[in-house]
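Q: sequence and predicted structure, then a few things I'm wondering about:
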Amino acid sequence: MERDMNLDEISDGKLYEANDMVRLGCGDCDGCSACCHGMGDTIVLDPYDIWQLTGNLHHTFEQLLSQGKIALAVYDGVILPHLCLEGAQEGCPFLSTQGRCSIHSFRPGICRLFPLGRLYEDNGFRYFIQVHECRKESRTKMKIKKWLDIPELRKYERFITSWHYFIKAVQEEIKTLGDEAQIKQRNMQLLQTYFLTPYNGKDDFYEQFYARRKE
């Protein structure tokens with residue numbers, strides 16, 4: 001999900017690649033879960049996130065919806081899933097009673113990224129650090145790729161780029177559809193293709209994703 005922003009106001013003014021060193025180290029959060037609260041519907045999930053969640057939790061997409069772990073919302077005309085925060089403090093549904101992430105090894109991409117952001121340009125993206133977001137002080141330097149801790153990061157980055165520009169294209173397409181029934185049909189097609197149709201947890205995700213893109 002994109003948002004209007006002035007990069008100079010929210011970052012250190014620099015753009016980074018995966019091998020760059022950035023002040024991200026927070027001592028494994030050290031009991032802090034501030035960034036797991038009050039995020040509204042901004043933890044938008046992509047197909048890789050759903051592949052990870054359904055495979056590791058052994059639940060279908062529909063089950064995660066019915067359990068209130070995820071929900072659907074409209075982002076510039078496109079219906080997409082997001083983590084469904086709960087309680088007065090809007091806490092992540094996957095936080096333990098000790099305030100620790102119970103799905104840390106397969107947490108969503110936006111959670112892994114924080115407090116980084118992505119700036120998309122020239123059919124790709126670079127990272128920037130949101131200097132006012134994390135409450136931790138005196139963070140240590142570490143490589144972005146280590147912070148993200150995602151297997152086959154280059155493949156993942158290519159997927160993220162592909163998904164971002166695909167969703168942008170669908171959003172532009174929906175603007176041309178004047179009929180509500182057509183808009184609903186397009187959204188249902190997207191949800192069915194990329195989220196509702198189960199992924200095989202034993203097969204390579206990227207092969208499955210690009211096969212669906214070809215269809």
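A: Yes, it's here.
Q: the strands in the chain, which residues?
A: According to DSSP state E, the chain carries its strands in the segments 21-25, 70-75, 78-83, 116-121, 124-129, 140-143.
Q: ranking those by burial, who's on top?
A: strand 78-83 (a mean of 22; mean count of other C-beta atoms under 10 Å). No exception for glycine: its C-beta is placed from N, CA and C like everyone else's.
Q: for Gly124, which non-adjacent residue is closest in space?
A: Of all residues not flanking Gly124 in the chain, Thr161 sits nearest, at 5.6 Å (C-beta to C-beta, 6 or more residues apart in numbering).
Q: again with Lys145
A: Spatially, and ignoring its direct neighbours in sequence, Lys145 is nearest to Ala18 (4.3 Å; C-beta to C-beta, 6+ apart).
Q: beta partners of Leu72?
A: Counting by DSSP bridges, Leu72 forms beta bridges with Pro81.
Q: wait, it sits on Val78?
A: No. Using C-beta atoms under 8 Å, Leu72 is not in contact with Val78; the gap is 10.5 Å.
Q: on that earlier part again, tally of neighbours for the residue nearest to Lys145?
A: Using other C-beta atoms under 10 Å, Ala18 has 17 other residues around it.
Q: list the contacts for it?
A: Tyr127, Lys143, Ile144, Lys145, Leu148, Leu153, Arg154, Glu157 (C-beta atoms under 8 Å, 6 or more residues apart in numbering).
Q: what of Thr60?
A: Here Thr60 is in contact with Thr54, Pro198 (C-beta under 8 Å, 6+ apart).
Q: 10 Å - rerun?
A: Thr60 sits next to Ile50, Thr54, Ser66, Leu196, Pro198 when contact means C-beta atoms under 10 Å, 6 or more residues apart in numbering.
Q: per-residue confidence for Cys29?
A: Cys29 carries a pLDDT value of 59.
Q: equivalent analysis for the one 3 residues further on, please.
A: Confidence at Cys32, expressed as pLDDT, is 74.
Q: Glu137 is in contact with that one, correct?
A: No. With contacts defined as C-beta atoms under 10 Å, Cys32 does not count as touching Glu137, sitting 11.1 Å away.
Q: mind listing the shared neighbours of these two?
A: With contacts defined as C-beta under 10 Å, 6+ apart, the residues shared by Cys32 and Glu137 are Cys26.
Q: neighbour count for the two, which is higher?
A: Comparing Cys32 with Glu137 by neighbour count (other C-beta under 10 Å), the higher total belongs to Cys32, at 14 against 6.
Q: and that one, how far is that from Ile70?
A: Using C-beta to C-beta, to the nearest Å, one obtains 24 Å as the distance from Cys32 to Ile70.
Q: find residues that contact each of Leu72 and Val78.
A: Taking C-beta under 10 Å, 6+ apart as the contact criterion, the common neighbours of Leu72 and Val78 are Asn187, Leu191.
Q: ok, and the closest non-adjacent residue to Glu62?
A: Leaving out its chain neighbours, the residue that sits closest to Glu62 by C-beta to C-beta, 6+ apart is Leu196, at 7.2 Å.
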